[in-house]
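*Asks:* heads up, no residue letters with this:
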């Protein structure tokens with residue numbers, strides 16, 4: 001990766017794109033430090049820091065600290081991601097949207113415009129939910145807007161600031177796609193997660209060494225916390241290696257094309273393959289599952305939650321939450337692959353191009369084979385996603401250290417974005433070094 005960046009820096013055009021991308025990231029980080037009016041940032045940070053397992057901590061991680069700081073980018077790219085997923089799902093169910101998706105560049109532009117409108121609407125809805133969460137759950141509003149007409153005015157200002165922030169963040173991601181190195185939204189998410197690494201390391205150091213380790217080493221009760229340090233480091237490195245392995249792993253279905261003569265030329269006859277990645281859906285199932293399991297906490301932010309009851313079951317340390325989260329990830333992984341891959345269409349395309357899978361007749365036998373392969377690969381990828389997502393919660397429940405909330409997911413996003421960005425830069429470098437047919 002670093003060698004690719006070093007080689008790309010030598011190309012003037014790519015160097016300008018890299019610098020422009022870094023400039024956009026700088027704007028994003030500055031915006032993450034600007035708090036909206038009428039929110040007591042100190043009270044909010046104290047409330048979210050007291051528990052690292054609730055929805056507030058999840059949003060803090062995804063926004064690069066913006067949630068706990070009540071910044072204008074507190075919603076992060078969550079509205080845009082959810083809007084993109086919704087439009088993608090509706091494209092399969094609604095024929096006009098399906099025609100747009102198949103209408104080339106013009107159709108994709110129309111779908112992009114619809115996605116922007118849906119992003120603003122979702123940003124408005126999530127902004128309202130954020131306001132009620134800050135007011136009811138964390139009690140972090142300024143005294144001047146806690147009651148009366150001032151409360152309504154403060155709420156409107158807060159919601160509009162969050163909505164504008166989500167729209168601005170979407171625009172920043174699009175600018176990276178157009179004038180930067182591409183993969184804009186993912187790079188902003190990457191930058192937000194990376195910015196939380198120092199805070200996460202400080203939290204673990206404080207809890208392991210200071211609070212529970214060194215103070216109790218004299219009587220031996222804190223020794224187990226010190227032993228956990230190398231274990232955490234080994235698990236961290238092993239998780240990165242496993243994510244890289246699964247992200248790059250693929251199942252190659254061999255395909256053989258028949259020879260055919262057209263005029264004086266012969267076509268086909270070569271052997272190739274259909275690559276099917278083990279983790280075809282990326283982190284989308286995790287994002288969808290987080291959105292679903294977080295709904296009860298979000299609904300509970302509108303009301304006063306009792307100390308024990310239904311809403312407390314959805315704490316990330318509760319067994320019900322972990323099991324439901326794991327099952328939803330597997331279900332969404334299969335659902336996402338189902339709408340992305342159609343074995344019938346794949347088999348028909350092979351038949352139209354005189355291609356066949358060795359050992360299987362064209363038609364239904366080919367369809368059944370592709371379907372079986374998809375199910376097996378999807379199951380392996382879904383299990384991988386589920387284990388990565390719930391591992392921090394299980395580890396926290398066993399060790400008593402909960403500072404790794406969403407750690408597996410964040411590592412997966414960081415590694416995946418780094419690999420995708422490296423591939424994009426390499427492809428752009430290859431285009432600039434390719435001489436073509438006219439030279």
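*Replies:* Happy to help now that I have it. Computed from a prediction, not measured in an experiment: that's the story for all the values here.

*Asks:* any idea how far residue 30 is from residue 24?
*Replies:* In this view, residue 24 and residue 30 are 11 Å apart by CB to CB, to the nearest Å. (Glycine included, C-beta is placed from N, CA and C.)

*Asks:* State the helix or strand in which residue 272 lies.
*Replies:* Using DSSP states H and E, the element containing residue 272 is strand 271-277.

*Asks:* Following element in sequence after that strand, please.
*Replies:* Next helix or strand after strand 271-277 toward the C-terminus (DSSP H and E): helix 284-293.

*Asks:* Low-confidence bits of the protein, can you list those?
*Replies:* In the prediction, the chain carries residues with pLDDT under 70 at positions 1-2, 47-67, 144-149, 200-201, 203-226, 229, 260-269, 297-317, 399-408, 432-439.

*Asks:* I'd like the next helix or strand past the longest helix along it.
*Replies:* Assignment by DSSP state H gives helix 364-399 as the longest helix of the chain. Later in the chain than helix 364-399, the nearest helix or strand by DSSP H and E is helix 407-433.

*Asks:* For that following helix, buried residues please.
*Replies:* 407-418, 420-422, 425, 428-429 (16 or more other CB atoms under 10 Å).

*Asks:* next one: stretch 385-401
*Replies:* Within stretch 385-401, the residues that qualify as buried are 385-386, 388-393, 395-397, 401, counting by 16+ other CB under 10 Å.

*Asks:* excluding its backbone neighbours, what's nearest residue 141?
*Replies:* With CB to CB, 6 or more residues apart in numbering as the criterion, residue 141 has its nearest non-adjacent residue at 5.2 Å, and that residue is residue 135.

*Asks:* Quick check: the one you found vs residue 44, distance?
*Replies:* 11 Å.

*Asks:* For the two, indicate the residue with more neighbours.
*Replies:* Neighbour comparison, residue 135 and residue 44: the larger count goes to residue 44, with 24 against 20 (by other CB atoms under 10 Å).

*Asks:* residues in contact with the more buried one?
*Replies:* By CB atoms under 8 Å, 6 or more residues apart in numbering, the contact set of residue 44 is 68-70, 134, 138, 140.

*Asks:* if I've got this straight, it is in a helix?
*Replies:* Yes: note on residue 44: a helix contains this position according to DSSP: H, G, I helix; E, B strand; the rest coil.

*Asks:* Got the phi and psi for the closest residue to it other than its chain neighbours?
*Replies:* Nearest residue to residue 44, sequence neighbours excluded (CB to CB, 6+ apart): residue 140, at 3.8 Å. Geometry field for residue 140 lists phi and psi as phi -120, psi 30, criterion degrees, to the nearest 10.

*Asks:* is it true that residue 140 touches residue 38?
*Replies:* No: between residue 140 and residue 38 there is no contact under CB atoms under 8 Å: 10.0 Å.

*Asks:* Of these two, give the one with the bigger neighbour count.
*Replies:* Set residue 140 next to residue 38 and count neighbours by other CB under 10 Å: residue 38 wins out with 24 against 21.

*Asks:* what about the spatially most central residue of the chain, distance to residue 240?
*Replies:* Per CA atoms, centre = their mean, the C-alpha nearest to the average position across the chain is that of residue 283, at 5.1 Å. Distance of residue 283 to residue 240, computed by CB to CB: 15 Å.

*Asks:* Repeat that for residue 290.
*Replies:* Residue 290 sits 21 Å away from residue 240, going by CB to CB.

*Asks:* again with residue 95
*Replies:* Distance, residue 95 to residue 240, by CB to CB: 43 Å.

*Asks:* and whichever strand or helix holds residue 118, how far from the chain's centre?
*Replies:* Using DSSP H and E, the element containing residue 118 is helix 104-132. Put simply, helix 104-132 sits 17 Å off its chain's centre (CA atoms, centre = their mean, to the nearest Å).
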